[in-house]
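Peer 1: no sequence on hand, only this structure:
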């Protein structure tokens, strides 16, 4: 079904307030989920709500905790999210980094004791709205098998990068692994096979059945029921296709997040303390030249790429093209909510006595 | 054949001095090539010499030109390499960024009007020797086909990232594309087939014959004899294996180099002005915690990864493991020089009246 983005926002705000988050933080959390749904990134939208509330239930998330500043300089910031949601610390960090980068041209933040922060792109887009380059990364639970390994260790470790451009900014946003686990979840829900080399079993044989892959990932690395296997690094199953480069990209994120934050590395978030860490950066391109000119140059490059010779019946899309197109469509037609999530929303609504957004269409 | 690294260094220094570079710059250029050969990255070693000298011959490189500082702040640096080799501007930039990062925790540089800079890893390793995180990127000539495209546009765009660790630093260093063109050159020289999905023709059919691939790349994009096709982005030939993520990574480098520098983007370096641009960054991990502890934590993570369950007869290598192993071996046994390069060295030696290093073994 589809629901109106405004209705989704209001529903989520009420839920978060009832579960103990401040009004301001409830608005923020709701906005990050609605924004993901509007952009067609359903895996990071309202379907995460039930999981967020489970983490409140089990005490992983402490909705009243305030972010603590551990260290600060004109270019750098080290925050403790204090076991609250990642969005809350990231909003504070990005707001500060934008100011710092406007003065110092470049600024970075590390956040520890954090948790899921929505899409990485949300934070990188905060910077680009001010004509700045934004970078955002996070570690995650262990899902990804290093080159030649038969068990997961690395997170799917999101990475986002934005750059000012027209008609919309360049927004590169995704897991550093070949796919995020969310993409496999969506196929499993719809009983569809996995179309590419995404996941392998304990013998590094490619798994095509999405249910089977889901099952492997649910019993992720370092749990008592670990089955082995996991999501592949970018580059796929074979070393000869340079899957060690995808492995390297994932390791770069592990170093900038769990290691620099002195929090859990992805491998250690399945047992014991379930904390994620984030790394954010803002760069002012205006240090190097006139922003309008740089933005024009980037846009002209993208336009040339969109029009390169290409295979028939395909399109060359610049990172961001798809999500800005969907944003306009979903703003108009409502965001898509899958059946399972719709059921969860009704349970949550009943429990908290909040009316659930009505469907504006069944598609 | 193999030659001693010291002999290689002396030979190269003499060649560069005779071709008009200052003594200091000649030592630096020689060192970057010898260092690549010692690490087993032959594609960026002495085999580049003939190409470097051709660029001096045709005026692309002006060996007497000095680097110009266009703009500088406590965190940021914008240099004009002034049509000299990339190594010369990068050494100046990295030396400055290390000092800036020691004071401001983070610093970045963009270099325009530059050229080949050796391996990206060389510059990132300069930072890690001081206990700092180093990042180095460059654009290149157009070799890489975007997702769905049938002609090259992007550079193979190198990216290096270092982090302090034991027994050696983490050194991730390579093309953002599935492979660099140098790897295909090596196979073509040795008449070996391409083992993976590395290059495609104008119909996006995978090319297995290295000679054929070489021929495609030699008539690279935007030249009068362009054949179409090129090197694949990381992720391979299929959109379903997320090759748009490799495309995105390559675009990030294009934006940070050619666009920020207001120089040529990779696509435009095959015709007209043959300039490359570089982006460098240094981060002080010590802002966030005790360096010794961070180094220990990173090393412990790498050690756990090396010992994960893995396929029989394989090894899990952390980025840097292979090159530090080869460095020790090649320091001992001499660096490998292929037959074609050996011939070129004799021609250069004869022409400049410089004696060529003698072979210490034929293997």
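Peer 2: Yep, that arrived. All values reported here derive from a predicted model rather than from experimental measurement.

Peer 1: now stretch A:5-12: buried residues?
Peer 2: Within stretch A:5-12, the residues scored as buried using 16 or more other Cβ atoms under 10 Å in any protein chain shown are A:5, A:7-12. For every residue, glycine as well, the C-beta is placed using N, CA and C.

Peer 1: wait, stretch A:354-363
Peer 2: Buried positions in stretch A:354-363, judged by neighbour count with 16+ other Cβ under 10 Å: A:354, A:356-357.

Peer 1: restricted to helices, list the buried residues of stretch A:5-12.
Peer 2: Mapping these onto helices (DSSP state H) picks out A:5, A:7-12.

Peer 1: contacting residues around residue A:334?
Peer 2: Going by Cβ atoms under 8 Å, 6 or more residues apart in numbering or on different chains, residue A:334 touches A:2-5, A:360-361.

Peer 1: please disregard the earlier target; I meant residue A:314.
Peer 2: Under the contact definition (Cβ under 8 Å, 6+ apart), the residues listed for residue A:314 are B:148, B:239.

Peer 1: now with 6 Å?
Peer 2: residue B:148 (Cβ atoms under 6 Å, 6 or more residues apart in numbering or on different chains).

Peer 1: and which of the buried residues of stretch A:5-12 is nearest residue A:294?
Peer 2: The shortest distance between residue A:294 and any of these, using Cβ to Cβ, involves residue A:5 and amounts to 32.0 Å.

Peer 1: hmm, residue A:36 and the closest one touching each other?
Peer 2: No. Using Cβ atoms under 6 Å, residue A:5 is not in contact with residue A:36; the gap is 10.9 Å.

Peer 1: tell me which parts of the stretch 251-363 of chain A are close to chain B?
Peer 2: When proximity is defined as Cβ under 6 Å from any Cβ of the partner chain, the stretch 251-363 of chain A approaches chain B at A:252, A:255, A:259-260, A:262, A:265, A:285, A:287-289, A:297-298, A:301, A:305, A:308-311, A:314, A:316, A:319.

Peer 1: how long is stretch A:148-165 end to end?
Peer 2: Stretch A:148-165 has its terminal residues 39 Å apart, counting by Cα to Cα, to the nearest Å.

Peer 1: tell me the mean pLDDT for that stretch?
Peer 2: For stretch A:148-165, mean pLDDT rounds to 97.

Peer 1: go on, stretch A:14-34?
Peer 2: What stretch A:14-34 shows for mean pLDDT is 98.

Peer 1: ditto for stretch A:127-141
Peer 2: Here stretch A:127-141 scores 97 as its mean pLDDT.

Peer 1: same question for stretch A:106-120.
Peer 2: For stretch A:106-120, the mean confidence score works out to 98.

Peer 1: kindly report the same for stretch A:307-315.
Peer 2: On average, the pLDDT along stretch A:307-315 is 96.

Peer 1: packing partners for the helix or strand harbouring residue A:184?
Peer 2: Using DSSP states H and E, residue A:184 sits within helix A:181-189. Using 3 or more Cβ pairs under 6 Å, 6 or more residues apart in numbering or on different chains; DSSP states H and E, the elements in contact with helix A:181-189 are helix A:210-218.

Peer 1: each with direction, which strands does the next helix or strand after the helix it packs on pair with?
Peer 2: Where DSSP H and E defines the elements, the next helix or strand beyond helix A:210-218 is strand A:230-232. Using DSSP bridges, the strands paired with strand A:230-232 are strand A:142-145 (parallel), strand A:199-200 (antiparallel).

Peer 1: which one of the ones you listed lies nearest to residue B:170?
Peer 2: Each of the strands paired with strand A:230-232 was checked against residue B:170 via Cβ to Cβ, and the shortest separation belongs to strand A:142-145, namely 17.3 Å.

Peer 1: who's in contact with that closest one?
Peer 2: When contacts are taken as Cβ under 6 Å, 6+ apart, the neighbours of strand A:142-145 outside the stretch itself are A:152-154, A:156, A:177, A:181, A:217, A:220-221, A:230-231, A:266-267, A:270.

Peer 1: 8 Å instead?
Peer 2: Counting by Cβ under 8 Å, 6+ apart, A:151-157, A:177, A:181, A:200, A:204, A:217, A:220-222, A:229-233, A:250, A:266-267, A:269-270 sit against strand A:142-145.

Peer 1: in the stretch 251-363 of chain A, what residue lies closest to chain B?
Peer 2: Residue nearest to chain B within the stretch 251-363 of chain A (Cβ to the nearest Cβ): residue A:314, separated by 4.0 Å.

Peer 1: is it fair to say that residue lies in a strand?
Peer 2: No. Inclusion of residue A:314 in a strand is not indicated when DSSP: H, G, I helix; E, B strand; the rest coil is applied; the result is coil.

Peer 1: burial of the nearest residue to residue A:229 once chain neighbours are set aside, as a residue count?
Peer 2: Distance criterion Cβ to Cβ, 6 or more residues apart in numbering or on different chains; nearest residue to residue A:229, sequence neighbours excluded, is residue A:201 at 4.2 Å. Using other Cβ atoms under 10 Å in any protein chain shown, residue A:201 has 16 other residues around it.

Peer 1: is residue A:161 in a helix, a strand, or coil?
Peer 2: Reducing the assignment to helix, strand or coil with three-state DSSP, the entry for residue A:161 is strand.

Peer 1: got the contact list for it?
Peer 2: Contacts for residue A:161 were tallied using Cβ under 8 Å, 6+ apart; they are A:124, A:133-135, A:170-173, B:248, B:252.

Peer 1: just residue A:265 next, same as before
Peer 2: Going by Cβ under 8 Å, 6+ apart, the list of residues near residue A:265 reads A:139, A:254, A:258-259, B:301.

Peer 1: try residue A:184
Peer 2: Applying Cβ under 8 Å, 6+ apart to residue A:184 gives the contacts A:194, A:198-199, A:210, A:213-214, A:217, A:231.

Peer 1: going by distance to chain B, which of these wins?
Peer 2: Using Cβ to the nearest Cβ, those come closest to chain B at residue A:198, 7.9 Å.

Peer 1: how many neighbours does the closest one have?
Peer 2: When counting by other Cβ under 10 Å, one arrives at 26 neighbours for residue A:198.

Peer 1: isn't it up against residue A:183?
Peer 2: Yes. Here residue A:198 reaches residue A:183: they are 7.4 Å apart, a contact under Cβ atoms under 8 Å.

Peer 1: can you redo the contacts of residue A:161 as a markdown table with neighbour count and secondary structure?
Peer 2: Rendered in a markdown table, the data for the contacts of residue A:161 read as follows (neighbours: other Cβ atoms under 10 Å in any protein chain shown; DSSP: H, G, I helix; E, B strand; the rest coil):
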| residue | neighbour count | secondary structure |
| --- | --- | --- |
| A:124 | 29 | helix |
| A:133 | 25 | strand |
| A:134 | 29 | strand |
| A:135 | 22 | strand |
| A:170 | 26 | strand |
| A:171 | 27 | strand |
| A:172 | 24 | strand |
| A:173 | 25 | strand |
| B:248 | 27 | helix |
| B:252 | 23 | helix |
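
Peer 1: can I get those residues in TSV including distance to residue A:54?
Peer 2: Formatted as TSV, the contacts of residue A:161 follow (distance: Cβ to Cβ, whole Å):
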residue	distance to residue A:54
A:124	28
A:133	36
A:134	30
A:135	30
A:170	35
A:171	30
A:172	31
A:173	25
B:248	32
B:252	35
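
Peer 1: ok, so of those, who is nearest residue A:348?
Peer 2: Of all the contacts of residue A:161, the one sitting nearest residue A:348 is residue A:173; the distance, using Cβ to Cβ, is 27.2 Å.

Peer 1: nearest residue to that closest one in space, please, no chain neighbours.
Peer 2: Ranked by Cβ to Cβ, 6+ apart and with sequence neighbours excluded, the top spatial neighbour of residue A:173 is residue A:121, at 3.2 Å.

Peer 1: dump the residue contacts of the one you found.
Peer 2: Residue A:121 makes contacts with A:39, A:41, A:136, A:160, A:162, A:171, A:173, A:323, as judged by Cβ under 8 Å, 6+ apart.
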